[in-house]
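Student: Fold the following for me, if possible:
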Amino acid sequence: MRIATIDLLRYGHFSGQSLHFPQNEHDFHLILGGNEAGKSTLRQAFHDLLFGIPMNTPMVFLHGRPELALSAVVAGEAGQLALGRRCRRDGGLLDANGEKLAPEVLAG
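Tutor: This is a model prediction of the structure:
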């Protein structure tokens with residue numbers, strides 16, 4: 001599985017920011033930035049996207065906990081999947097239409 005796109009819709013100090021990771025023959029992406037540019041926030045966003053945004057997340061700099069939102073397109077052998085995460089007790093995993101998605105979907 002690879003992440004093709006991640007959208008930090010409302011997360012940390014980001015609003016509506018997207019990063020695209022185009023697939024190439026040598027598929028390696030390096031994120032560079034100065035201090036306080038958001039590298040650690042992005043790393044945490046990858047984790048929270050895959051495993052859920054914890055209820056006690058420190059990523060509430062700009063947006064309140066109920067408003068936190070991430071989305072992404074992940075790709076693998078089974079094709080592409082658009083998904084999103086919200087900060088919810090049930091994990092907040094959503095499909096592209098905002099409908100609840102079973103966590104097992106990420107296993108494929």
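Student: Now the residue nearest to the spatial centre of the chain: closest residue in space, sequence neighbours ignored.
Tutor: Geometric centre of the chain, nearest residue: residue 49, 3.8 Å, by CA atoms, centre = their mean. The shortest distance from residue 49 to any non-neighbouring residue, by CB to CB, 6 or more residues apart in numbering, is to residue 70 (5.0 Å). (C-beta placed from N, C-alpha, C; glycine too.)
Student: pretty sure the residue nearest to the centre of the chain contacts residue 85?
Tutor: Yes - the pair residue 49 / residue 85 is scored as a contact, 5.4 Å apart, by CB atoms under 8 Å.
Student: joint contacts of the two?
Tutor: Counting by CB atoms under 8 Å, 6 or more residues apart in numbering, the contacts common to residue 49 and residue 85 are residue 70.
Student: contacting residues around residue 10?
Tutor: Contacts of residue 10 (CB under 8 Å, 6+ apart): 16, 62, 63, 67, 68, 69.
Student: could you redo the last one with a cut-off of 7 Å?
Tutor: 63, 67, 68, 69 (CB atoms under 7 Å, 6 or more residues apart in numbering).
Student: gap between the nearest residue in space to it that is not next to it in sequence and residue 106?
Tutor: The shortest distance from residue 10 to any non-neighbouring residue, by CB to CB, 6+ apart, is to residue 63 (4.2 Å). Separation of residue 63 from residue 106 (CB to CB, to the nearest Å): 24 Å.
Student: Check the protein for me, the residue farthest from its geometric middle.
Tutor: In terms of distance from the mean C-alpha position of the chain, residue 25 ranks first, at 23.9 Å (CA atoms, centre = their mean).
Student: quick one: the closest residue to residue 100 other than its chain neighbours from residue 82, how far?
Tutor: Ranked by CB to CB, 6+ apart and with sequence neighbours excluded, the top spatial neighbour of residue 100 is residue 94, at 6.4 Å. As defined by CB to CB, residue 94 lies at a distance of 10 Å from residue 82.
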